[in-house]
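K.L.:
quick check, what structure comes out for this input:
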Amino acid sequence: MEKKTINPWAWQKERNYNQAVEVSNVQSTLYCSGQAAIDQEGISSNADMKSQLLQAISNLEEVISTAGYELSNIVKLNVYSTATNEFLSHFHILKEWVALHKIEQALTVVEVVALYETLKVELEAVAVK
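P.N.:
Residues are numbered from 1 along each chain as shown. Coordinates of the predicted model:
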């Protein structure tokens, strides 16, 4: 698998994402459902945004590793949040996670009216091998 990032500008690097990611010679692709702060018993969190973001990241890691993929091979990440300003106050957590795992992904952040039950943030990813 070969991955090439496309960035006509430099400003997105400060935010730890890329404008586009080209992938060639792919063996397989994993499309992950949105991962949120839902525990192993299927109970949705009613905690604050920071706690929910950390749980969503943990759940996404679990899905990707269980499928046999590397976190560094995430090429697309979508973030859905019910409160973008609140999410952005914790954006550093996502940035640090991306840097730690050397993820080079395209990124979209969308504010939505609601998520399932009491959820505030959901992460959806595409990873490749």
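K.L.:
next, the buried residues of stretch 83-92.
P.N.:
For stretch 83-92, burial by neighbour count (16 or more other Cβ atoms under 10 Å) applies to 84, 86, 87, 90. In this view, the C-beta of every residue, glycine as well, is placed from N, C-alpha and C.
K.L.:
could you pull up the mean pLDDT of it?
P.N.:
For stretch 83-92, mean pLDDT is 97.
K.L.:
what sits up against it?
P.N.:
Stretch 83-92 is touched from outside by 15, 49, 50, 53, 79, 81, 109, 111, 120, 121, with contacts defined as Cβ atoms under 8 Å, 6 or more residues apart in numbering.
K.L.:
looking at the buried residues of stretch 83-92, which is nearest residue 40?
P.N.:
residue 90 (23.2 Å; Cβ to Cβ).
K.L.:
distance of the nearest residue to that closest one once chain neighbours are set aside from residue 26?
P.N.:
Nearest in space to residue 90, with sequence neighbours left out and distances taken as Cβ to Cβ, 6 or more residues apart in numbering, is residue 50 at 4.9 Å. Distance, residue 50 to residue 26, by Cβ to Cβ, to the nearest Å: 34 Å.
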